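S.K.: Structure of the sequence below:
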Amino acid sequence: MELSSEDSLRLNVLLANAKAIRIDENTCSVCGLSVNGEAKIKLNPNCRADRYLRYVRELLSSAVLGSPGGYPVYLKRWTRIGQLSHGNLDELLMLGEPEAVVAVACSPNLTDELACRAWWALPDAEIARRMLERDCVVTGSMGRVLTEFLLEFLPFEVDPMTIIRTVRLLLQPGLINIEERLGIWHKGRQKNVFMIGFLLATPDDLPEPVPAHRDWPRADSELKALAVTGNPYAQQVLRCLFGPGQTFLRACQAVLRKPSNQDVVMALLDAQAWYFGSLQPPIEMAADVDELHARIVAWCTGEGGDIPAPLQETLRAAPWLQPPLSAMLTLACCDQRIVRPIFSGTDSIGSLMRKKLEPVSQPLLKLLATLLDE
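M.R.: Below you'll find the model as predicted:
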């Protein structure tokens, strides 16, 4: 069984003029995108529709790639991490195969023009996210198009990690305006997973800033000289006590008080640990936050071994900052590993999860309070 002569002729004409091809299985039709716009062919199957569409894909593949085998869809994992190389991405958009479009969207060689064709071929939220990972798309004509789609689609997302990833992508410079940015931030009042996207994307430029800590002027006068020389401990203290740092810590506090599920908790802990990552101390991890904090306090006072010279300089210049520094060092260690013993034994969410999380969340909230102007 082969394609009807009429369909074969029309498909070959379409191939000669199109820059991208899309197959609509529901209507059994083939669409092509050319410089003159969109052309559509209504197929006339002479056998079962699914089999006939397979013949159509074989014709397209033979004409474009020289082989009826088509795109290797079984290499889905490699496609989606951008590791499947192909000499000419234009050809993949002529196969009418969704996975081939994904390969183009994930390719490091993607261009703004190819993004435009890929979006026509498969206008999907995941395709939009993949393409917004490329600077050429963000700064090109497609950046705003994909942004508007994701903004409209964002309220219907349910997976926390997808929401966080989408928010991070949308917060790239030049994609959204101030009103849209505030709109996403305000969604965090009902669904605080939106805030985590901000914590990861713009930790030092969050909406609705709060004032600096009352002790920031004193810390600035005592540590400014050290911070200028590159002392990471002095820099991080000043960063946390200044207004943007206090805003970051307030947001962390708000999320930690009422996380909705385990993904939100782990993402928040990773965001906090990343924020304080420059201070990572050489302390063995402990399952208990209070025990870990006690080890770090002992280390800072010289009881747990030699401490780095920059930390000694900071404590010598401002001894009163030992509690905040110990809190920062503890938070730097408390990534998602600290909750694995709890989450490995439960799949609870909501209030039950928060109850089980209290042995970790309550000590962490105390550490945050140490750094906040409370």
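
S.K.: which regions of this structure sit below the pLDDT cut-off?
M.R.: Within the chain, the stretches with pLDDT under 70 are 1, 69-87, 303-305.

S.K.: Keeping just the C-alphas, turn the helix or strand hosting Gln312 into CSV.
M.R.: Assessed by DSSP states H and E, Gln312 sits inside helix 309-317. Coordinates of the C-alpha atoms in helix 309-317 are reproduced here as CSV (Å, rounded to 0.1, in the frame of the first residue of the first chain):
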residue,chain,number,x,y,z
ALA,A,309,41.9,33.6,58.0
PRO,A,310,39.1,35.6,56.3
LEU,A,311,36.7,34.4,59.0
GLN,A,312,39.2,35.2,61.7
GLU,A,313,39.6,38.7,60.3
THR,A,314,35.8,39.2,60.2
LEU,A,315,35.2,38.1,63.8
ARG,A,316,38.2,40.2,64.9
ALA,A,317,36.7,43.3,63.3
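
S.K.: Report the buried residues of that helix.
M.R.: Neighbour counts over helix 309-317 (16 or more other Cβ atoms under 10 Å) mark 310-311, 313-315, 317 as buried. Backbone N, C-alpha and C define where each C-beta goes, glycine included.

S.K.: same thing with stretch 186-205?
M.R.: 187-188, 192-203.

S.K.: CSV please, covering those and showing distance to Pro211 and secondary structure.
M.R.: Listed next are the buried residues of stretch 186-205 as CSV, based on distance: Cβ to Cβ, whole Å; DSSP: H, G, I helix; E, B strand; the rest coil:
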residue, distance to Pro211, secondary structure
Lys187, 25, helix
Gly188, 20, coil
Asn192, 22, coil
Val193, 27, helix
Phe194, 24, helix
Met195, 19, helix
Ile196, 23, helix
Gly197, 24, helix
Phe198, 19, helix
Leu199, 19, helix
Leu200, 24, helix
Ala201, 23, helix
Thr202, 19, coil
Pro203, 18, coil
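
S.K.: Closest to Ser278 out of those?
M.R.: Using Cβ to Cβ, Pro203 comes nearest to Ser278 of the buried residues of stretch 186-205, at 12.5 Å.

S.K.: Distance check, the closest one against Leu150.
M.R.: Computed as Cβ to Cβ, to the nearest Å, the Pro203 to Leu150 distance reads 21 Å.

S.K.: next one: Asp50
M.R.: Noted for Asp50: a distance of 32 Å to Leu150, by Cβ to Cβ.

S.K.: And those two? Which one has more around it.
M.R.: Of the pair Asp50 and Leu150, Leu150 is the one with more neighbours under other Cβ atoms under 10 Å, namely 19 against 10.

S.K.: Assess the claim that Ser107 and Leu89 are in contact.
M.R.: Yes: here Ser107 reaches Leu89: they are 5.8 Å apart, a contact under Cβ atoms under 8 Å.

S.K.: Looking at those two, which one has more neighbours?
M.R.: Higher neighbour count among Ser107 and Leu89: Ser107, with 22 against 18, using other Cβ under 10 Å.

S.K.: What are the contacting residues of stretch 275-295?
M.R.: 199, 203, 232-233, 235-236, 248, 296, 299, 304-305, 326-334, 337-338, 341, 359-360, 363-364, 367 (Cβ atoms under 8 Å, 6 or more residues apart in numbering).

S.K.: Can you pick out the ones from those residues that are in helices?
M.R.: 199, 232-233, 235-236, 248, 296, 299, 326-333, 341, 359-360, 363-364, 367 (DSSP state H).

S.K.: Mind giving me the ChimeraX command for buried ones among these?
M.R.: The buried residues among those can be selected in ChimeraX (16+ other Cβ under 10 Å) with this line:
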select :199,232,233,235,236,248,296,299,326,327,328,329,330,331,332,333,360,363,364,367
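
S.K.: what's the distance between Arg354 and Ile163?
M.R.: Shown here: Arg354 relative to Ile163, a distance of 19 Å by Cβ to Cβ.

S.K.: These two - which one has more neighbours?
M.R.: Ile163 (23 against 17).

S.K.: Quick check: phi and psi at that one.
M.R.: According to degrees, to the nearest 10, the main-chain angles of Ile163 amount to phi -60, psi -50.

S.K.: Tell me if I'm right that it and Gly197 touch.
M.R.: Yes: because the distance of 6.8 Å satisfies Cβ under 8 Å, Ile163 is recorded as touching Gly197.

S.K.: got the contact list for the residue nearest the centre of the chain?
M.R.: By Cα atoms, centre = their mean, the chain has its centre lying nearest to Arg165, at 2.7 Å. Going by Cβ under 8 Å, 6+ apart, Arg165 touches 129, 197.
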